[in-house]
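J.: Quick check, what structure comes out for this input:
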Amino acid sequence: MSKIKFAVVGLVLGLVLGVAGVLIVQNADSSNGHSNVQPSVVFDRIVSKNELVSASQDYSITEKSTQEAATFFDLFDIPFTDTSFWYKYVGTIKVGVDLEKAEFSQEGNTITIALEQPYIISNTPNMEESGVLEQNNNLFASVPLEDVDEFQRECIRTSEENAVTGGLLDEAKTNAEEDIRDMFNAALGGAYNIDFEWKTAQE
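T.: Have a look, this model is predicted:
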């Protein structure tokens, strides 16, 4: 059985975004204490980041893999020919949005940002914590290396499936909207309403 532990954290980029916003304001041509920065200029600054990591999830999967014993002409199992191992796989999944494909539109004081759906940017194992916990070899052979490799691949698939079903992509949407809105507000002083549209997979 799998023992999966998830720790969901948002990767807040407020500091980076805030600094960028301050730089925009400082470099803007100002009058009467108000910034003359155009919203499209702020948008260009945002998309220049190319990729926005907006959510992260740590996971740990521990499971047993067993290779059945060999049989004698399918009549009975040959004793001491089964193998098994317990393996722990630890890693971190990062989810974000592709800013290069973001679209900008403005109508009066309302800015609309269209974004593509979040996706898994990386799934990085922690090899210091991952590895075989217990290995039971037989008298004739040890656990094949390809079995361990296949188990690692299965752990990656499981972790990503659980990230999606667990709502990590939805969290990435929320965090991305918050980060982008913070940058616009830092540069424009909250003078605009920032709305978001999320494109479907077919768009």
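J.: buried ones in stretch 171-188?
T.: For stretch 171-188, burial by neighbour count (16 or more other CB atoms under 10 Å) applies to 171-173, 175-177, 179-188. Any C-beta I mention is one placed from the backbone N, CA and C, and that applies to glycine too.
J.: Rounded mean pLDDT for it, please.
T.: Within the predicted structure, the mean pLDDT of stretch 171-188 is 94.
J.: Repeat that for stretch 86-94.
T.: 91.
J.: heads up, I number from 13, so please use that
T.: Okay, residue one is now 13; in that scheme the one you just asked about reads as stretch 98-106.
J.: Can you find the helix or strand of the protein with the lowest average pLDDT?
T.: When each helix and strand of the chain is scored by mean pLDDT, DSSP states H and E, strand 15-21 comes last, with a mean of 37.
J.: check contacts around Val160.
T.: Remark: with contacts taken as CB atoms under 8 Å, 6 or more residues apart in numbering, Val160 is in contact with 97, 99, 144.
J.: low pLDDT regions in this structure?
T.: Where the chain drops to pLDDT under 70, the residues are 13-47, 77-96, 146-159, 213-215.
J.: distance of Ala198 from Ile132?
T.: From Ala198 over to Ile132 the distance is 29 Å, taken as CB to CB, to the nearest Å.
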